[in-house]
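Chemist: When you get a sec, could you give me coordinates for this:
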Amino acid sequence: MGSSILNNNGSLLAYNPVTTNRQYLNSSKVSRDVYIGSSSLVIGDVIIKSPVYIGFNSVIGADMGSSFFIGAHTNIHDNCQIHGLSSRYIRIGNTSWGVFIDGEVSVLRGCIINGYCRIGKNTFVGQMVTISNAQIKPNCVIMHGANITGGIVIPEGRFVKSGMNLFKQRDADNLPIVPSEYRLLNPDTIRGYMELMEEYLTSDSNIRIK
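Modeler: The predicted structure follows:
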């Protein structure tokens, strides 16, 4: 592996290893006003626009497959795992992406996202959700513990109940519209974590143990 970069808050940006799946070194392209929490690891060709908040003890690893994109105003919480494979990607324009997060997306604690995967704007992904080989259109709410896979596409503006397993397109097509009481869940989450990001970025030492 090439030289790694240790951020001043203890997070790590690392080059991917050179393998048959990734035959050249890549490092992340991180915009200003991105906070990556201590003990989090970002590997390989990951483009992160700003502002973005990434919490603690998360791994975003573009070391096996296609590149990743994380759009502005996204917040990814603690203990999340984002990964991809060389054989699984989504084509957007002329580029193959293992994981593409459009922006304005909330990914809560303990989520696993495995490429290929695309998550559309203004989407809320609750705690302990697993998304693998699937596309989520914009303005969706996915509640805690759901499992989404099988190459399905969740239509725009749909609601996935807690603990629901989705792997058939007909079930995805029959999902209800997001109820009115959940429509501000994602904007409110983004607002809170953008404020948290600003505080962490402007703090002298980020975290102090008394």
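
Chemist: Ends of stretch 169-177, what's the gap?
Modeler: Between the opening and closing residues of stretch 169-177 lies a distance of 16 Å (Cα to Cα, to the nearest Å).

Chemist: Identify all contacting residues around it.
Modeler: 150-155, 157-160, 166 (Cβ atoms under 8 Å, 6 or more residues apart in numbering). Using the backbone N, CA and C atoms, a C-beta is placed for each residue, glycine as well.

Chemist: quick check: mean pLDDT across it?
Modeler: Averaging pLDDT along stretch 169-177 yields 98.

Chemist: quick thing: my sequence starts at 3, can you match it?
Modeler: Shifting the count to begin at 3 puts that one at stretch 171-179.

Chemist: Now do that stretch: distance to the chain's middle.
Modeler: 23 Å (Cα atoms, centre = their mean, to the nearest Å).

Chemist: Check which residues of the helix ranked longest in the chain are buried.
Modeler: Longest helix in the chain by number of residues (criterion: DSSP state H): helix 187-204. Buried residues in helix 187-204, counted by 16 or more other Cβ atoms under 10 Å: 188, 191-192, 195-196, 199, 202-203.

Chemist: Closest to residue 130 out of these?
Modeler: Lowest distance from residue 130 to the buried residues of helix 187-204 (Cβ to Cβ) belongs to residue 191, with 15.7 Å.

Chemist: Show me which positions of stretch 173-191 end up buried.
Modeler: Per 16+ other Cβ under 10 Å, stretch 173-191 contains these buried residues: 174, 177, 180, 185, 188, 191.

Chemist: Kindly report the same for stretch 132-151.
Modeler: For stretch 132-151, the buried set under the neighbour-count rule, 16+ other Cβ under 10 Å, comprises 132-150.

Chemist: The helix or strand harbouring residue 117 packs against which elements?
Modeler: Per DSSP states H and E, residue 117 falls inside strand 114-121. Contact analysis of strand 114-121 by 3 or more Cβ pairs under 8 Å, 6 or more residues apart in numbering; DSSP states H and E lists strand 83-85, strand 92-94, strand 97-103, strand 107-109, strand 132-138 as its packing neighbours.

Chemist: give me that answer again for 7 Å
Modeler: Taking 3 or more Cβ pairs under 7 Å, 6 or more residues apart in numbering; DSSP states H and E as contact, the helices and strands that strand 114-121 lies on are strand 83-85, strand 97-103, strand 132-138.

Chemist: Is it possible to get a markdown table of these that adds distance to residue 69?
Modeler: Shown next, in a markdown table, are those (distance: least, Cβ to Cβ, whole Å):
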| stretch | distance to residue 69 |
| --- | --- |
| strand 83-85 | 12 |
| strand 97-103 | 6 |
| strand 132-138 | 17 |
